[in-house]
Every structure is written in structure tokens, then in C-alpha cells.
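Q: need coordinates for the following:
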Amino acid sequence: MRRIVREADTEQMNEMEDWSFSILEALNANMTPYDARLHELRGFAGSQCVASNLRRLTEGSQILLSAGKKVQDAYSLRSTPQVIGAVRDSVNYAREQIEIELNGVGDNPVFLPDEGRVITGANFQGTPIALPMEMVGTGMSMAAVLSERRLNRLTNPALSAGLPPFLTEMPGMHSGLMVAQYTACALVAETRILSHPAANQSIPAAADQEDFVSMGMTTTQKTRQIIENCYGVLAIEMIAAAQALDIRDGTSGTGVHAAHQVIRKYISHLDEDRPLFPDNDRMVELLMSSELLDAVESAVGMLD
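A: Numbering: from 1, shown residues only. Next up, the predicted model:
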């Protein structure tokens, strides 16, 4: 459990949640939905935090000052703070619960020698952990769905605000990132299956003495797999965003530029079709490291 929370703690959430900032530039998004006042009026801490980070990361972007914006972008763009903010709040709650568990007494029976008492109870019951982990898993699966929908908008010429089909500069000759989206879709499909709750799947055992259990281990294992899948989807989205920014060829925001430079250290521009799995694997490693986040924070300061 400690490892799962560490993989989805606040720093990792910064590294996973806010990479949509490059998509905003790549798709020439309308930035009105990220206005601080909008999120203050609703009041959710996660939403305000994500919107603030995205504003800071795109500050200085000349691309986002260009014309041709829609009055309202698709939900997958303008609702990122609300969705990912809720995931962030869920991770924070899960971390609090697990810290209580790690510092609490889960024995049965509980011996109180100073009081001369033996208390038999159910402090072993895993539901206080299983439910938050279900919430994290479901939330991260939603983040993966959101990421794939943004990826779809990058690769679909009807939705990409002028970008070429599948982000290849030679459509018809090359497939570009078309097949990479297949991989993202497969990861999302698996993640949706893994999001089916385990915490309510109790099976009685021990002659019905143990007739209700939390299935917390199953929940934790599948949540870990969901997080790994989410990294895979986000990695493909980031590769696509870098490709789109190359093609868009404008002045990016300070944070976007820093991230783009780090990505290009490891993954070259896709000018001709090549096997993409080495790029995808390398991007996952980069997202799971601190290098990308460190570069961005060096450019814009510590993120919230």
C-alpha cells in the first residue's frame, strides 16, 4: 500500500496531471476555462490547483495568443482542472487514510497490558483502505480516458486546429501516430476493466465466520496496474504533443518549452514511420523519473 501511494503522491500527480499544458498549445486552446476566478467560485481545492499550474506552465505562450479559437473547446480540454483536480483530491484523501493505517493498530485481539484488558474486534478490516484505493484507481482510469481523448483530437485532422492527419507531414505515405493511438486505446480499455470495484466482491470463508472481507489486496494490485497503464497513455499523448508543437512551430510558454526540450533529448521528431514502442517505453521512463518535472520547475518555479 505504501508503494501505491508513493507512486500516486502529490509530486507524481504534478508530473502526471499537468502535462496537458502542452496539448493546450498544440490545439490552440481557449484559455478562458482556466481562469482563477472560475475555479474559486466553485471552491474545490484540486481544481484550483490544477488550473493554477496550467496557467503558470503556459505563461508566455505566443501560440495561445493566436487567432482561430473556439468559443468553447471540447470537454476533454476545458474540463481538465475539474476532472484531474478531483483525482488529485482523491489521492490526497487516500494518502491520509493510508498514513492513519500505517501508524494505527490493526491487531486482533488488541492487548492493553496497562489496563489489563484484551479487546476483540475487527481492526484488521481493510475497507478504510480499500475504498480510497478504489477511488484512486477509478480516478486514474478517468485521467487515462481524458488523455486518450486529447490524443484523438491531436491526430484527427477534423479536430486538430490545422494539424496534419495523425501528425505526419507526409499523409498517405506515412501513418504517423495513428498506431500509437491504438496502443493508448488498448490501455484505456484494460484500465476500464480494472476499474470494476473489488471492494464489494466479498466471498464468505472460514465456515462463515469471516463472512465479509474488504478484498483490499486485490484493489491495491489492480490500482497499481491502472497507474502503470495511465503512464503509458500519457506517454503517448506527450509524444504526440511534442510532434504537434514541432509542426505548429510557434513560441511556446516557458514551461512548455522546457518540457519539449527534455522530450527531444530522448525522442526524436517523427519524420518517417518507425517502430514506436521504443519511443513509448522511453517516454514512460521519463514521466516516471523526476527529470521532466525538474526541468519545468526550474523554468517556472515549484508547482502547487
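Q: give the helix, strand or coil label for the nearest residue to Arg117 once chain neighbours are set aside.
A: Taking Cβ to Cβ, 6 or more residues apart in numbering as the measure, Arg117 lies nearest to Phe111, with 7.8 Å between them; neighbours along the chain are not counted. Quick note: C-beta positions are derived from backbone N, CA and C, even for glycine. Secondary structure, DSSP: H, G, I helix; E, B strand; the rest coil: Phe111 is strand.
Q: correct me, but Phe111 touches Thr120?
A: No: in this structure, Phe111 sits apart from Thr120 without contact. The criterion is Cβ atoms under 8 Å, and the distance is 10.5 Å.
Q: still on that earlier bit, tell me how far the residue nearest to Arg117 lies from Met140.
A: In this structure, Phe111 and Met140 are 39 Å apart, going by Cβ to Cβ, to the nearest Å.
Q: those two: which is more packed in?
A: Legend: neighbour count by other Cβ atoms under 10 Å for Phe111 and Met140, higher for Met140 (28 against 12).
Q: list the contacts for Phe124?
A: When the contact criterion is Cβ atoms under 8 Å, 6 or more residues apart in numbering, the partners of Phe124 are Gly106, Asp107, Asn108.
Q: list the residues that contact Ile203.
A: When contacts are counted by Cβ under 8 Å, 6+ apart, Ile203 touches Val213.
Q: and the residue lying farthest from the centre of the chain, what's its pLDDT?
A: Taking Cα atoms, centre = their mean, the residue of the chain most remote from its mean C-alpha position is Gly116, at 49.8 Å. In the prediction, the pLDDT value recorded for Gly116 is 97.
Q: same question, Phe21
A: Listed pLDDT for Phe21 reads 71.
Q: list the buried residues in the host helix or strand of it.
A: Taking DSSP states H and E as the definition, Phe21 sits inside helix 21-26. Using 16 or more other Cβ atoms under 10 Å as the burial criterion, the residues of helix 21-26 that qualify are Phe21, Ser22, Ile23, Leu24, Glu25, Ala26.
Q: and which of the residues you listed is nearest Gly250?
A: Compare each of the buried residues of helix 21-26 with Gly250 using Cβ to Cβ and the shortest gap goes to Glu25, at 7.8 Å.
Q: leaving out sequence neighbours, find the closest residue to Tyr93.
A: If the residues on either side of it in the chain are set aside, Tyr93 comes closest to Pro132, at 5.9 Å by Cβ to Cβ, 6+ apart.
Q: that neighbour and Ile63, how far apart?
A: According to Cβ to Cβ, Pro132 stands 39 Å off from Ile63.
Q: between these two, which one's more packed in?
A: Neighbour count, other Cβ under 10 Å: between Pro132 and Ile63, Pro132 has more, with 25 against 20.
Q: if we can go back for a sec, and which of the buried residues of helix 21-26 is nearest Gln48?
A: Each of these was scored against Gln48 by Cβ to Cβ, and Phe21 proved nearest at 15.9 Å.
Q: where's Gly176, which helix or strand?
A: In this structure, Gly176 sits in neither a helix nor a strand according to DSSP H and E.
Q: my read is that it contacts Leu163, right?
A: No: the pair Gly176 / Leu163 is not scored as a contact, 10.1 Å apart, by Cβ under 8 Å.
Q: about what we covered before: can you tell me which of the contacts of Phe124 is nearest Leu286?
A: Compare each of the contacts of Phe124 with Leu286 using Cβ to Cβ and the shortest gap goes to Gly106, at 37.7 Å.
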